[in-house]
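Visitor: Please find the sequence and the predicted model below.
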Amino acid sequence: MPHNPLSRIKKGALTRRDFLWLSSLAAAGFMFRCATDPVTGKKQFMLVSEDTEKQIDQQYSPLQFSTDFGAVQDSRLNSYISQVGNKMAAASHRPHMPYSFRVVNATYVNAYAFPGGSIAATRGIMLSLENEAELASLLGHELGHVNARHAAEQMSKGQLTQAIVGGISVLAGTQSAALGDLAGQLGQISAGALLASYSRDNEREADALGMTYMVGAGYGSEGFVGLMEMLNSMSKHKSTTVDLLFATHPMSQERYDTAVQTANTKYKAALKGPLYKERYMDHTAGLRAKKDAIEEIQNGEKMLAERKYDAASGHFRQALKKAPDDYVALCMMSISNLAQKQYAVGRQYAEMAQTAYPQEAQAYHLSGFANVQLKDFAKAYEEFNAYERMLPGNPNTIFFKGYCQEGMNHIEQAADEYQRYLQVVRQGQYAQHAYKRLVDWGYIK
Ligand SMILES: [Zn+2]
């Protein structure tokens, strides 16, 4: 690492229209140590300590949850998924980890785990499950990744290091990917690198652990087969709503076949155990009441990915007819308008989204961005400030706060923010802009 963190930045011109999302986050602190694999008991070469796993989780999971539009505003559903998850976590190989479970508002089909044990399932995948045993299988599989330390293992092999040093990557299948460069400006950060690309061996191990955990918690092993059946059939129908799921958790006929075989041999005694279909249907009733609206949002996101903005807005409008205060529908309507440079309308929907879910940060970034475009820098600064209070650690916000101060001609405050930004991000066009201003204003000689 160079002594002067700014020394690698070359001067470059950046116009106000040239904003690109090329931010990079500081590398996580890696430590060399030998560890015992919590699952196999064997010694494993591990560059990443448990503290680092927890720290990475704490730093990035809140940003990912916000990119997925926050936890659902349905406390009964969040308690339910927590109950199902915690029961298995307590009996896992790493019961001391700080596990947490939530359903996030995003409508694409996915579930994921951060290395410290923060686990989420989207509304899209919750709608695809048919009973509690399938939910337990899904969460058991994610718990499997955490317990076998797959993310840490991949970081140790150097497969993820580059991705983390180079910036948080955006994977196919998310709204963020559909929006490309615009995603970062709108405050969306996908910690894809941390969730990404488990190997087929990882999947095999997570499946085996998942079935052990769910059977251990008293569910019928048929539930695991049900989950595999659902995933297998989804993987055969290519769709953008499931891209991310299968990019991170590769699906195969083999996974399905193994599940069927294991359920019928090793866990035969549990084959006809309870699936708790009614209990699942009862707790997801509110979610299923929004099924039509959620499907409209999924269709709108597909159109957005193809940059068919009118069609996208049409679907989001339909979604809002069915569910007028749906946070995702309001945010997506805002995004679709912002993407078309209809900033005043985009701001209006962002403000409606804030009212619908005041504790969630993303809508503040949307209205902040709209206000920057509308040259209302004072209002924009307020919005970015509100966002940062709710969700610290998004470098894009720091840059935009500086940009707003610059817009208001508050050179000293702008310089403070740009310096703060450059402490975190050292390359990309934002960094170049910030560096150039600091040179122009005499802060860097
Ligand atoms: Zn997996």
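Guide: Yep, that arrived. Since this is a predicted model, take the numbers as computed values, not measurements.

Visitor: going forward, measure contacts and count neighbours with C-alpha atoms only.
Guide: Will do.

Visitor: distance of Ala120 from Leu138?
Guide: Distance, Ala120 to Leu138, by Cα to Cα, to the nearest Å: 10 Å.

Visitor: cool, and Ser118?
Guide: Taking Cα to Cα, one finds Ser118 at 14 Å from Leu138.

Visitor: which one of those two has more residues nearby?
Guide: Leu138 (29 against 23; other Cα atoms under 10 Å).

Visitor: after whichever strand or helix holds the more buried one comes which helix or strand?
Guide: In the assignment (DSSP states H and E), Leu138 maps to helix 132-147. Following helix 132-147 in sequence order, the next helix or strand is helix 150-156 (DSSP H and E).

Visitor: list the helices and strands that next one packs on?
Guide: strand 43-46 (3 or more Cα pairs under 8 Å, 6 or more residues apart in numbering; DSSP states H and E).

Visitor: that older thread, is the helix holding Leu138 positioned near the ion?
Guide: No: Helix 132-147 does not reach the ion (Cα under 5 Å from the ion); its nearest approach is 6.3 Å.

Visitor: re the thing from before, list the residues that contact both of Ala120 and Leu138?
Guide: Ala111 (Cα atoms under 8 Å, 6 or more residues apart in numbering).

Visitor: what about the spatially closest residue to Ala386 that is not a sequence neighbour, which SS state?
Guide: Nearest residue to Ala386, sequence neighbours excluded (Cα to Cα, 6 or more residues apart in numbering): Tyr364, at 6.9 Å. Classification of Tyr364 using DSSP: H, G, I helix; E, B strand; the rest coil returns helix.

Visitor: give me every residue that touches Tyr364.
Guide: 350-351, 354, 383-384, 386-387.

Visitor: From those residues, which land in helices?
Guide: 350-351, 354, 383-384, 386-387 (DSSP state H).

Visitor: from those residues, which is closest to Gln55?
Guide: Tyr387 (21.4 Å; Cα to Cα).

Visitor: so the closest one touches Leu366, yeah?
Guide: No: the criterion here is Cα atoms under 8 Å, and Tyr387 misses it with Leu366 at 9.8 Å.

Visitor: Neighbour count for those two, which is higher?
Guide: Leu366 (32 against 23).

Visitor: where's that one relative to the ion, distance?
Guide: From Leu366 over to the ion the distance is 32 Å, taken as Cα to the ion, to the nearest Å.

Visitor: Is that residue in contact with Gln348, as I believe?
Guide: No: counting by Cα under 8 Å, Leu366 sits too far from Gln348 to count as a contact (10.0 Å).

Visitor: how near is the residue in the stretch 151-300 of the chain positioned nearest to the ion to Asp416?
Guide: Nearest to the ion in the stretch 151-300 of the chain, going by Cα to the ion, is His249, at a distance of 4.1 Å. In this view, His249 and Asp416 are 42 Å apart by Cα to Cα.

Visitor: Of the two, which one has the most company?
Guide: Here His249 and Asp416 are compared on neighbour count by other Cα under 10 Å; more neighbours surround His249, at 22 against 16.

Visitor: pLDDT wise, what is the more buried one at?
Guide: We have a pLDDT of 80 for His249.

Visitor: what's the distance between the closest residue to the residue of the stretch 151-300 of the chain closest to the ion other than its chain neighbours and Ala208?
Guide: Of all residues not flanking His249 in the chain, Tyr198 sits nearest, at 5.9 Å (Cα to Cα, 6+ apart). Distance check for Tyr198 against Ala208: by Cα to Cα, it reads 15 Å.

Visitor: ok, now Leu244?
Guide: 22 Å.

Visitor: neighbour count winner among these two?
Guide: Leu244 (24 against 18).

Visitor: so that one makes contact with Asn110?
Guide: Yes: here Leu244 lies in contact with Asn110, judged by Cα under 8 Å, at a distance of 6.9 Å.

Visitor: How far does whatever helix or strand Ala344 lives in sit from its chain's centre?
Guide: Secondary-structure element containing Ala344, defined by DSSP H and E: helix 343-356. Distance of helix 343-356 from its chain centroid, counting by Cα atoms, centre = their mean, to the nearest Å, is 22 Å.

Visitor: what do you get for stretch 404-422?
Guide: The answer for stretch 404-422 is 29 Å, by Cα atoms, centre = their mean.

Visitor: give the contact list for Ala323.
Guide: 290, 293.

Visitor: give me phi/psi at it?
Guide: For Ala323, the backbone dihedrals (degrees, to the nearest 10) come out as phi -140, psi 80.

Visitor: Just the pLDDT for it.
Guide: 97.

Visitor: Asp37 now?
Guide: 76.

Visitor: I'd like to know how many residues surround it.
Guide: Counted with other Cα under 10 Å, Asp37 comes out at 17.

Visitor: In this structure it contacts Val146, no?
Guide: No: between Asp37 and Val146 there is no contact under Cα under 8 Å: 11.4 Å.

Visitor: which residues in the stretch 1-150 of the chain form strands?
Guide: 33-36, 43-46, 100-104, 111-113, 118-122 (DSSP state E, counting those that start in this stretch).

Visitor: List the contacts of the fourth one.
Guide: When contacts are defined by Cα under 8 Å, 6+ apart, strand 111-113 is touched by residues 119-122, 125, 138, 142-143, 145-146, 195, 245.

Visitor: neighbour-wise, which of these leads?
Guide: Leu143 (33 neighbours).

Visitor: what stretches of the stretch 151-300 of the chain score poorly on pLDDT?
Guide: Applying pLDDT under 70 to the stretch 151-300 of the chain picks out residues 157-197, 238.

Visitor: can you pull the contacts of Gln340?
Guide: Tyr309.

Visitor: any idea how far it is from the ion?
Guide: Per Cα to the ion, Gln340 is found 36 Å from the ion.

Visitor: Now that residue. Its backbone dihedrals?
Guide: phi -90, psi 10.

Visitor: Asp68 against Tyr108, yeah?
Guide: No: Asp68 is beyond contact range of Tyr108, at 9.2 Å (criterion: Cα under 8 Å).
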